[in-house]
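In: coords below, sequence missing:
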C-alpha cells in the first residue's frame, strides 16, 4: 500500500474528456477581471471572507462567467500586504486543475498559499521544502530526506498510532463517564503530536514534561499566526477583517514556542539530524527547520483538519457505521495487530476515507505560477496562459466536477470501491497530485500521501474494533458504545 514506485503525477483523462488539439481560433479569452487597483482586490476580499465565503465566492463566479476558468482576486490584500499581488486565474474543474501538477508548465516557488508567503522567520530564516520549486537543487535534497524519514518510520507507524489512539479513547471514555459530552479536539491533537514526534523525530515527548503537555498547543499557535491572513475563523465581522485579515502577524509572538520545539528536536532527535547532515547534505539548521515544518505544518496540521471532518462524517450516520463495523470485524480477526498490511483490503473503509477527502480536502487551495506561455484546457474551452500568471485551484469545487463525479455534491460511501471507483482515484487531488500518483523529488505531491490515507483507514478500523457505535460532531463526542 505504501509504494515507493515513482509514477506520473498527471492524471490521464478519459478520451471523451480530451479536447481536440487547440488552435488559435479555438482559444477563448479568460473571462473575469481584477477591478480597479486597491478597490477590486478589497471588494473580492470582503466577498471571499465576509459576504459569501470561499465556496460561494467561486461558485458565483463560475455561474457569472459560465466558465470554470476565470480571473479574480484572492486574499490577502490591502491595506498592509503591499508586496502581495492578489490577481489569480482560478482553475475549478478536474481538467484545468490538473495543470497545477505539471512541473513543466508551472513552478511552485513561494506559492504554497498564493502570492503571500509568511515570513521566513517562522522557519528559522530558511525557505523550507514547501516553498521550494522542483527546479531548485535544495528541493531534491529536502524532499528525499522527508521521504526517507517516512520510510524508516513505517516499521513503528501503525503500532505507535494505535497506542496513541487507545490513550485518547481512554481519556474520552473517562470524560463521558463524568459528562454528557466530551470535546475531543485537544486530546486528538495531543495524541497526534506525540505520535508524530515518535515516528518522525525518533523521540519520546516524555523526555520533556512541557513538550509532552503543551507541544501540540505550541504547534497550533505557530500554524495559526502564519495562516491567519488567508483563512476565516468565523469571528464577528467586521472585526475579523479589520484585525485578522489586514496585516501579517509577526513571528515574535510565537518565537518562544518555536524555540522550545526546535531545542527539543536538537536534543532528542540526534539520529535523524545526523542522517540529514550525512546522507542528504543538509546543515543541522536546515534539517531541524524542515523537520519541524513537515511535522507541524504538513502532518500535524493536516491530520488536525482531516480527522475531525472524518469523525463528523461518521458520527451522525448510524447506518454507515453499521456497514463499516461489519466490514472491519469480518476481515480483522479479534486480537489481530493492526498494520498497514492488515487493513489494505478494507474496501468500504478506504472508500469512505477517499470520499471524505474529496468533499472536504484538508488544504482548500493549491497554487502554481506559469513557467512559460501555454494553452490550458478545461472540459469545454482552451485558454492562453502567460508566463508569470498565478493559477489558483479551489479543491472543494474541483473535486465536485460533475463531468467526473456522479452526484458530486452527495457523500457516497462506496464511490471509490470496485473497478469504476478505483479509476476515480485519478481525479482525487487532495495531496497536490492524483491519488494514483507517487511523490518524488521531481514533483510537489505530498511525501506522506499514502501514509495519510492509510493512517485514516487505521483510525476508522481501530474505532470500530473498539466501539459498536460513536455519536459525534466536528468537535465533541456525546456517546461511545463499547464493542460487545
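Out: On my side now, so go ahead. Predicted, not measured: the structure shown is a model, and the values here were computed from it.
In: so, low pLDDT: which residues of the stretch 301-450 of the chain?
Out: Low-confidence segments of the stretch 301-450 of the chain, defined by pLDDT under 70: none present.
In: start and end of stretch 117-124, how far apart?
Out: Length of stretch 117-124, first residue to last, CA to CA, to the nearest Å: 14 Å.
In: same question, stretch 418-435
Out: Across its full length, stretch 418-435 reaches 15 Å between end residues, using CA to CA.
In: wait, what's in contact with residue 431?
Out: 437, 439, 445, 446, 449, 452 (CB atoms under 8 Å, 6 or more residues apart in numbering). From N, CA and C alone the C-beta is placed, and that goes for glycine too.
In: among these, which one sits closest to residue 124?
Out: Taking CB to CB as the measure, residue 124 lies nearest residue 446 of these, at 22.1 Å.
In: can you pull the pLDDT of the closest residue to residue 31 other than its chain neighbours?
Out: Once its chain neighbours are removed from consideration, residue 31 has its nearest residue in residue 65; the separation is 3.8 Å (CB to CB, 6 or more residues apart in numbering). The pLDDT attached to residue 65 in the predicted structure is 98.
In: residue 220 versus residue 65, what's the distance?
Out: Distance, residue 65 to residue 220, using CB to CB, to the nearest Å: 38 Å.
In: who's more crowded, the two?
Out: When residue 65 and residue 220 are compared for neighbours, residue 220 comes out ahead with 21 against 17, by other CB atoms under 10 Å.
In: give me the element the more buried one is part of.
Out: With elements delineated by DSSP states H and E, residue 220 resides in helix 209-227, which encompasses its position.
In: buried ones in that helix?
Out: For helix 209-227, the buried set under the neighbour-count rule, 16 or more other CB atoms under 10 Å, comprises 211, 212, 214, 215, 216, 218, 219, 220, 222, 223, 225, 226.
In: that one - contacts with which helices or strands?
Out: With contacts defined as 3 or more CB pairs under 8 Å, 6 or more residues apart in numbering; DSSP states H and E, the packing partners of helix 209-227 are helix 185-196, helix 255-268, helix 301-315.
In: would you reformat these as JSON lines and include distance to residue 73 and mean neighbour count?
Out: As requested, the helices and strands packed on helix 209-227 are exported to JSON lines (distance: least, CB to CB, whole Å; neighbours: other CB atoms under 10 Å):
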{"stretch": "helix 185-196", "distance to residue 73": "33", "mean neighbour count": "22"}
{"stretch": "helix 255-268", "distance to residue 73": "31", "mean neighbour count": "17"}
{"stretch": "helix 301-315", "distance to residue 73": "25", "mean neighbour count": "20"}
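In: ok, how many other residues are close to residue 276?
Out: The tally of other residues near residue 276 (other CB under 10 Å) stands at 25.
In: any residues touching the helix or strand hosting it, and which ones?
Out: Take DSSP H and E as the rule and residue 276 turns out to sit in helix 270-280. Outside of helix 270-280, the residues that reach it under the criterion CB under 8 Å, 6+ apart are 141-142, 144-145, 148-149, 200-202, 265-266, 282-284, 286-288, 290-291.
In: how near is the closest residue in space to residue 307 that isn't next to it in sequence to residue 316?
Out: Here the nearest residue to residue 307 in space, its sequence neighbours aside, is residue 188; by CB to CB, 6+ apart that works out to 6.1 Å. Look at residue 188 and residue 316: by CB to CB, they are 18 Å apart.
In: again with residue 221
Out: 31 Å.
In: same deal with residue 42?
Out: Using CB to CB, one obtains 39 Å as the distance from residue 42 to residue 316.
In: what about those two, which has more around it?
Out: When residue 42 and residue 316 are compared for neighbours, residue 42 comes out ahead with 19 against 14, by other CB under 10 Å.
In: ok, then the element right after the one helix or strand that one maps to?
Out: Assessed by DSSP H and E, residue 42 sits inside helix 39-46. On the C-terminal side of helix 39-46, the nearest following helix or strand under DSSP H and E is helix 54-65.
In: list the buried residues for that next one?
Out: When neighbours are counted by 16+ other CB under 10 Å, the buried residues of helix 54-65 are found to be 54, 57, 58, 59, 61, 62, 65.
In: quick one: residues contacting the fourth one.
Out: In this case it means residue 59. When contacts are taken as CB under 8 Å, 6+ apart, residue 59 is in contact with residue 397.
In: try the second one
Out: Contacts for residue 57 were tallied using CB under 8 Å, 6+ apart; they are 44, 47, 48.
In: just the buried ones from the contacts of helix 270-280, in ChimeraX syntax?
Out: ChimeraX command restricting the contacts of helix 270-280 to the buried ones, with burial defined by 16+ other CB under 10 Å:
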select :141,142,144,145,148,149,200,201,202,265,282,286,287,288,290,291
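In: which of the contacts of helix 270-280 fall in helices?
Out: By the criterion of DSSP state H, membership of those in helices covers 141-142, 144-145, 148-149, 265-266, 284, 286-288, 290-291.
In: among these, which two are most distant?
Out: Between any two of those, the greatest separation by CB to CB is 21.6 Å, found for 144 and 266.
In: quick one, phi psi at residue 384?
Out: Comment: the main-chain dihedrals of residue 384 come out as phi -90, psi 120, following degrees, to the nearest 10.
In: quick check: the gap between residue 33 and residue 106.
Out: Taking CB to CB as the measure, residue 33 and residue 106 are separated by 22 Å.
In: my error: substitute residue 198 in the last question.
Out: 36 Å.
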